[in-house]
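Q: Just a sequence and a predicted model for now, questions to come.
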Amino acid sequence: MNSGSGVEILDPEAVFRVVDLAGVLANGVLGGAVARQLRMDPVGFVVLALTSALGGGVLRDTLLQAGTPVALTDPAYLFAAIAGAFIAYLIELKGKWANRFLIVIDSFALGCWAATGTSKALGFGLEWLPAILIGVATAVGGGMIRDIAVGRVPAIFGGNTLYATGALIAAIEMAVLYHLGLRNVGMAVAIVSAAVICTVARRRGWRLPGP
Amino acid sequence: MNSGSGVEILDPEAVFRVVDLAGVLANGVLGGAVARQLRMDPVGFVVLALTSALGGGVLRDTLLQAGTPVALTDPAYLFAAIAGAFIAYLIELKGKWANRFLIVIDSFALGCWAATGTSKALGFGLEWLPAILIGVATAVGGGMIRDIAVGRVPAIFGGNTLYATGALIAAIEMAVLYHLGLRNVGMAVAIVSAAVICTVARRRGWRLPGP
Amino acid sequence: MNSGSGVEILDPEAVFRVVDLAGVLANGVLGGAVARQLRMDPVGFVVLALTSALGGGVLRDTLLQAGTPVALTDPAYLFAAIAGAFIAYLIELKGKWANRFLIVIDSFALGCWAATGTSKALGFGLEWLPAILIGVATAVGGGMIRDIAVGRVPAIFGGNTLYATGALIAAIEMAVLYHLGLRNVGMAVAIVSAAVICTVARRRGWRLPGP
């Protein structure tokens, strides 16, 4: 990806990869934490970690019918998600800071996944609206499927602070910048803005209005 | 689809398209109504509208592996489903007539979707039994997935009046008429008979017998 | 598969096919039994039978994007699953022996499905870890989806005796023997060992440790 330059400090692809995999790991831990709350055994930890961490990407690749999901073909994803399950199994993350740390990583990953999903869908020739939808589904789908799997109404359906909204804005930004030929800028903008939106919304308790 | 005839009054394809999209809109509203019952925010409205309205078709296209689902490639579907979410968000449909109107449109769409699903599956070379099953899944899948997503046992599993049965009969009719080379007749017969079955069953309280 | 030998007593492929279809039938009955518990109508019986019996294979084929799932293209599967629904609808299987019989068949099918899934995934060029995961998902996916569809937390997530663990061991054995070119041996070993693990675990109450 980057050859010939000896003083490259920040390769964008490498940065996005780090954000992506850190998000997978963090969501693996968050999925495992749900398994711990519900007193599951290691099978539950692994299934919920995989669902939380990789469900969105699998949903995206299944809907696009883009071949076997990258979650299955790129071994790093499975390892990161399962590592998250192990961490959650071994350590009870009850400190305020541990939780806050996971949530910050998750909010960075949110924009990263929204942007990746949107860009992949546009690359498959989808129109703006479905591509943005795929982006949002990539970002929030894992948590949604995990919640359904344990019999909870998904948090994104209501009652939580802005989260899917952050993914939506990230996906729209990516769609615009993709069409301007600025995919790396789109990724960066999406990651930062989703993280800012989620973090500020969480602090201030911003919610979408009910009907 | 139809050129050269200046006095064409009723193009079958156009009629089916209207039934199809009216069904998507009506199911979008019905999905949104569930979100309203459960006091969700706009994200919940949109997700449940999309699920109710397009879940069956997405299930069909994912199972058939027929390429990216038409729900994503034909923009009219997404617009109609999201329009349904908006309507349900803005207006509380509590009048008897509003509800009855939605249910009538839904019962026309039921046969339309059962027939489309069966015909698409037969076109992919499936045998009768799996094709009919795909037809029924297309027709009832959206509501089923929506119910599961909000933690309810799907209504079609029991306790409601004939609904999946209407879809089953429509699918069987389509399978027969498809093999006779009468696809448009199959669509028309399926739409009318599913609507009649559902409406009469609802009036008279017809249910399938329990075990 | 086997020509020229006049005294072939036990064709491995035929044996695996019997185990496979017996498993589909048994899981169809087990799915129908859940529908009976929840007092569903015949639609519920059929949907839960199909889900229990074929959900794992459909999950595998959807994830691998291996074309229309074999559950839909090989008519024997649908017939066996629906036959299971009929049996559960007609007969209340409450005797200790009836239940024990179904569970024994199910535990043979568990290893069979884990091995088939793993071997199919390896054949698609997946790495070890994702292939084993696909194998386990094939084996336990149907029961998991059925439990989610009726609003239960899947039994495999915790609280039951070793089951997914049996599938995991079967999948690993198959992966090893597949790479040694011994697919039929892999199938046989997987079937026997999963059945032994499940049966012994059930007798002795072996469970995985909680966190």
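A: Good, I have the coordinates.
Q: how about the residues of chain A near chain C?
A: Contact residues, chain A versus chain C (Cβ under 8 Å from any Cβ of the partner chain): A:35-36, A:38-45, A:47-48, A:50, A:58, A:62, A:65, A:67-69, A:72-73, A:75, A:78-79, A:88-90, A:92, A:148-151. From N, CA and C alone the C-beta is placed, and that goes for glycine too.
Q: Could you identify the buried members of the residues you listed?
A: Buried by 16 or more other Cβ atoms under 10 Å in any protein chain shown: A:35-36, A:38, A:40-45, A:47-48, A:50, A:58, A:62, A:65, A:68-69, A:72-73, A:78, A:88-89, A:148-151, out of the residues of chain A next to chain C.
Q: need the helices for chain A, in chain order.
A: Using DSSP state H, the helices of chain A run over A:12-37, A:42-64, A:70-73, A:75-90, A:96-123, A:128-149, A:164-179, A:183-204.
Q: Dump these to a markdown table, plus distance to B:Val15 and mean pLDDT.
A: Formatted as a markdown table, these follow (distance: least, Cβ to Cβ, whole Å; pLDDT from 0 to 100):
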| stretch | distance to B:Val15 | mean pLDDT |
| --- | --- | --- |
| helix A:12-37 | 47 | 93 |
| helix A:42-64 | 29 | 96 |
| helix A:70-73 | 42 | 95 |
| helix A:75-90 | 47 | 96 |
| helix A:96-123 | 32 | 92 |
| helix A:128-149 | 26 | 97 |
| helix A:164-179 | 35 | 97 |
| helix A:183-204 | 42 | 95 |
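Q: closest to A:Gly158 out of those helices?
A: The closest of the helices of chain A to A:Gly158 is helix A:164-179. By Cβ to Cβ, the value is 10.2 Å.
Q: Quick one: list the elements packing against the closest one.
A: On a contact count with 3 or more Cβ pairs under 8 Å, 6 or more residues apart in numbering or on different chains; DSSP states H and E, helix A:164-179 meets helix A:96-123, helix A:128-149, helix A:183-204.
Q: Report the buried residues of it.
A: By 16+ other Cβ under 10 Å, the buried positions in helix A:164-179 come out as A:164-175, A:177-178.
Q: nearest to chain B, of the helices and strands packed on helix A:164-179?
A: When the helices and strands packed on helix A:164-179 are compared by Cβ to the nearest Cβ, helix A:128-149 sits nearest chain B, at 4.2 Å.
Q: burial of A:Arg146, as a residue count?
A: Neighbour count for A:Arg146, taken as other Cβ atoms under 10 Å in any protein chain shown: 25.
Q: tell me the contacts of it?
A: A:Arg146 makes contacts with A:Gly31, A:Val34, A:Leu48, A:Thr51, A:Ser52, A:Gly55, as judged by Cβ atoms under 8 Å, 6 or more residues apart in numbering or on different chains.
Q: Could you single out the nearest of these to chain B?
A: Once Cβ to the nearest Cβ is applied, the member of these that ends up nearest chain B is A:Gly55, at 13.4 Å.
Q: For that closest one, give me its contacts.
A: A:Gly141, A:Gly142, A:Gly143, A:Met144, A:Ile145, A:Arg146.
Q: rerun at 7 Å
A: If a contact means Cβ atoms under 7 Å, 6 or more residues apart in numbering or on different chains, then A:Gly55 has A:Gly141, A:Gly142, A:Ile145, A:Arg146 as its contacts.
Q: Ok, A:Ala33 next?
A: Contacts of A:Ala33 by Cβ under 7 Å, 6+ apart are A:Ala88, A:Leu93.
Q: what's the spacing between it and C:Leu208?
A: 18 Å (Cβ to Cβ, to the nearest Å).
Q: do the same with A:Phe124
A: Distance, A:Phe124 to C:Leu208, using Cβ to Cβ: 41 Å.
Q: Kindly reformat the helices of chain A as a markdown table containing distance to B:Trp113.
A: Shown next, in a markdown table, are the helices of chain A (distance: least, Cβ to Cβ, whole Å):
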| stretch | distance to B:Trp113 |
| --- | --- |
| helix A:12-37 | 34 |
| helix A:42-64 | 19 |
| helix A:70-73 | 31 |
| helix A:75-90 | 35 |
| helix A:96-123 | 25 |
| helix A:128-149 | 20 |
| helix A:164-179 | 28 |
| helix A:183-204 | 36 |
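Q: What residue, apart from its backbone neighbours, is nearest A:Gly56 spatially?
A: A:Gly141 (3.6 Å; Cβ to Cβ, 6 or more residues apart in numbering or on different chains).
Q: Equivalent analysis for A:Gly158, please.
A: B:Met40 (3.6 Å).
Q: and if you look at A:Leu102?
A: A:Ala26 (4.9 Å).
Q: what's the answer for A:Ile172, then?
A: A:Ile132 (5.9 Å).
Q: I'd like to know how many residues surround the one you found.
A: A:Ile132 has 26 nearby residues by other Cβ under 10 Å.
Q: Can you check the contacts of A:Gly55 and name whichever has the most neighbours?
A: For the contacts of A:Gly55, neighbours tallied by other Cβ under 10 Å; top is A:Gly142, 32 neighbours.
Q: need the contact list for that residue.
A: A:Gly142 makes contact with A:Asn27, A:Thr51, A:Ser52, A:Ala53, A:Leu54, A:Gly55, A:Gly56 under the criterion Cβ under 7 Å, 6+ apart.
Q: Closest one of those residues to C:Asn184?
A: The nearest one, if we look at the contacts of A:Gly142 relative to C:Asn184 and count by Cβ to Cβ, is A:Leu54, at 32.4 Å.
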